[in-house]
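Colleague: this one's sequence-less:
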């Protein structure tokens, strides 16, 4: 006996799905319309306009501010001290002049950025300059109170051996700074008139924000009264920094300009003679202070 099997016809997937959906009487197809797409498009448009207007505002009205911040973050500005002007007597004799000195300065920001070098840096400072680790720590804390506006001067007037030793270390936070020291031809004779200079402190910067922390300014006498005239214009060195704040190269540089010289009406010869005669007279009387007056300078 032979059986004949009837070949089954293939059923399309779409027809099968359609049949299943047709059996589900609870399913209702509802057209969503164009409103949701309209609202979504409007929302995207508003968000885009907000972004565009914000970018325009930052570029047109706040661009200079953020550009300056970006420059500050990517650059480090180092001021080069300017030599002060000479002080002369009436005949042109030099009463106050400058002599070059080198100082060891700790860059606190670089010191804090390079944690792996702190221990070695402190050890080299103690060895080369004789400054203890405790003194370094206290100086950093004090500088931090003033936002590091005043440099940490570890030692002034470095010897040649100290200068060579520090430069050979290659530590980014320990640098040698060239500066000027005020030298007075006959200090005791003119000290009461000329006064003296000193390194800038935090209070000086508060009074005059244009002063750099590495500068020397007049503290008393003629040096203080004519400080703005005697003080020169410092130079600037721009150093490029990476994202971590580490210096990676030098940029632009401007040279410092010496201050103006000042000629006084003082006769240095007469002043010196008067000082010595008064000193001898006081010593003979067993006294330490006195006043001298010139009654008739023309005689």
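Modeller: Looks like it arrived, so ask away. No experiment lies behind these values; they were computed from the predicted model shown. Numbering: from 1, shown residues only.
Colleague: Helices along the stretch 151-299 of the chain, start to end?
Modeller: 160-169, 187-194, 202-207, 221-225, 227-230, 268-285 (DSSP state H, counting those that start in this stretch).
Colleague: Go through these and name the closest to residue 44.
Modeller: helix 202-207 (51.6 Å; CB to CB). The C-beta positions use only the backbone N, C-alpha and C, and glycine is treated the same way.
Colleague: just to revisit the earlier point, the helices of the stretch 151-299 of the chain: lowest mean pLDDT?
Modeller: For these, mean pLDDT drops lowest on helix 202-207, to a mean of 80.
Colleague: in that one, what's buried?
Modeller: 204-205 (16 or more other CB atoms under 10 Å).
Colleague: going forward can the numbers begin at 21, since that is how I track them
Modeller: Yes, from this point I'll number from 21; that puts the last item at helix 222-227.
Colleague: quick check, distance from that helix to the centre of its chain.
Modeller: 15 Å (CA atoms, centre = their mean, to the nearest Å).
Colleague: now swap in stretch 223-236 and tell me
Modeller: 12 Å.
Colleague: where do the strands sit along the chain?
Modeller: Taking DSSP state E, the strands of the chain run over residues 95-100, 107-108, 114-126, 172-175, 194-204, 216-219, 236-240, 255-261, 267-274, 282-283.
Colleague: just to revisit the earlier point, could you dump the helices of the stretch 171-319 of the chain into TSV and include distance to residue 258?
Modeller: TSV is the format used below for the helices of the stretch 171-319 of the chain (distance: least, CB to CB, whole Å):
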stretch	distance to residue 258
helix 180-189	21
helix 207-214	36
helix 222-227	21
helix 241-245	31
helix 247-250	26
helix 288-305	43
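Colleague: if I pick residue 280, what's in contact with it?
Modeller: 105, 249-250 (CB atoms under 8 Å, 6 or more residues apart in numbering).
Colleague: which of the residues you listed are buried?
Modeller: Buried among these (16+ other CB under 10 Å): 105, 250.
Colleague: can you tell me which of the strands of the chain the model trusts least?
Modeller: When I compare those, strand 267-274 is least confident, with a mean of 64.
Colleague: on that earlier part again, which one of the strands of the chain lies closest to residue 302?
Modeller: Among these, the nearest to residue 302 by CB to CB is strand 194-204 (21.8 Å).
Colleague: and that closest one with strand 114-126, angle?
Modeller: Between strand 194-204 and strand 114-126, the angle comes out at 160 degrees (axes from the mean of the first three to the mean of the last three CA atoms, to 10 degrees).
Colleague: How about residues contacting strand 194-204?
Modeller: 100-101, 103-104, 115-127, 141, 144-145, 171, 173, 176-178, 183, 186-187, 210-211, 214, 216-217, 234, 236, 243.
Colleague: Could you give me the buried positions within that strand?
Modeller: By 16+ other CB under 10 Å, the buried positions in strand 194-204 come out as 194-195, 197, 199-200, 202, 204.
Colleague: and these as CSV, adding distance to residue 61?
Modeller: Converted to CSV, the buried residues of strand 194-204 look like this (distance: CB to CB, whole Å):
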residue, distance to residue 61
194, 62
195, 60
197, 63
199, 67
200, 70
202, 74
204, 81
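Colleague: and of these, the nearest to residue 73?
Modeller: Of all the buried residues of strand 194-204, residue 195 has the smallest distance to residue 73: 46.3 Å, by CB to CB.
Colleague: which residues does that closest one bridge with?
Modeller: Under DSSP bridges, the beta-bridge partners of residue 195 are residue 125.
Colleague: just to revisit the earlier point, please list only the buried members of the contacts of strand 194-204.
Modeller: 100-101, 103-104, 115-118, 122-127, 141, 144-145, 171, 173, 178, 186, 210, 214, 216-217, 234, 236, 243.
Colleague: need the longest helix for this protein.
Modeller: Longest helix of the chain, by residue count under DSSP state H: helix 55-80.
Colleague: For that one, enumerate the helices and strands it packs against.
Modeller: Helix 55-80 sits against no helix or strand, with contacts defined as 3 or more CB pairs under 8 Å, 6 or more residues apart in numbering; DSSP states H and E.
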